[in-house]
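Colleague: curious how this folds, go ahead:
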Amino acid sequence: MTNKKKNLYLWIGTILILFVVYQFSIKKTLNLRHANQLHQEAVARAMNIDADIEKYKTQLASFNANAVTSYSQDNLLELLSTFCLEHNLLIKGFPEPNQYEESTYDIIVNQIEVEGRFFKLQNVYL
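Modeller: Reported below is the predicted structural model:
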């Protein structure tokens with residue numbers, strides 16, 4: 001056997017041993033390390049859960065305070081009027097709503113016509 005073949009077998013054997021070592025020990029260690037990091041983050045989040053609960057309760061209270069609890073044409077017209085005043089728009093049409101039932105929901109459709117400069121209307125949503 002020549003030295004070239006011996007060196008080739010040595011390199012192939014080394015690579016094979018490194019691959020086996022990686023598969024059976026290093027890979028498991030890296031996976032366990034990653035799992036440990038995820039668990040540590042979960043523990044840190046759990047430690048702050050009371051603060052998060054309070055934050056979400058205040059957000060929910062503010063959403064409930066801002067929400068219209070029941071539908072009415074008057075509430076919708078008031079919101080629309082405020083919006084139009086803020087953006088220099090004119091309410092052109094506000095007909096009676098169309099109401100129909102789909103499965104178990106009552107659906108109310110309002111067609112509202114608002115008039116104003118095109119660029120002002122466009123900038124409202126940008």
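Colleague: show me which residues of the helix or strand encompassing Ala35 are buried.
Modeller: Per DSSP states H and E: Ala35 is located in helix 27-47. In terms of neighbour count (16 or more other CB atoms under 10 Å), helix 27-47 has no buried residues at all. Bear in mind the C-beta positions are built from the backbone N, C-alpha and C, glycine included.
Colleague: that helix packs against which elements?
Modeller: Helices and strands touching helix 27-47, as assessed by 3 or more CB pairs under 8 Å, 6 or more residues apart in numbering; DSSP states H and E, are absent.
Colleague: in this structure, what residue spans correspond to helices?
Modeller: Assigned by DSSP state H, the chain shows helices spanning 3-21, 27-47, 49-66, 73-86, 118-124.
Colleague: so which of those helices is the most surrounded?
Modeller: Stretch with highest mean neighbour count among these: helix 73-86 (a mean of 12; mean count of other CB atoms under 10 Å).
Colleague: average model confidence for that one?
Modeller: Over the span of helix 73-86, the pLDDT mean works out to 84.
Colleague: ok now that helix, how far from the chain's centre?
Modeller: 29 Å (CA atoms, centre = their mean, to the nearest Å).
Colleague: what sits up against it?
Modeller: Helix 73-86 has contacts (CB atoms under 8 Å, 6 or more residues apart in numbering) with Val68, Leu89, Leu90, Ile91, Phe94, Glu96, Pro97, Asn110, Ile112, Val114, Gly116.
Colleague: who are the contact partners of the nearest residue to the fifth one once chain neighbours are set aside?
Modeller: Put plainly, it is Phe94. Leaving aside its sequence neighbours, Phe94 sits nearest to Ile112 (CB to CB, 6 or more residues apart in numbering; 5.8 Å). By CB under 8 Å, 6+ apart, the contact list for Ile112 reads Leu80, Ile91, Gly93, Phe94.
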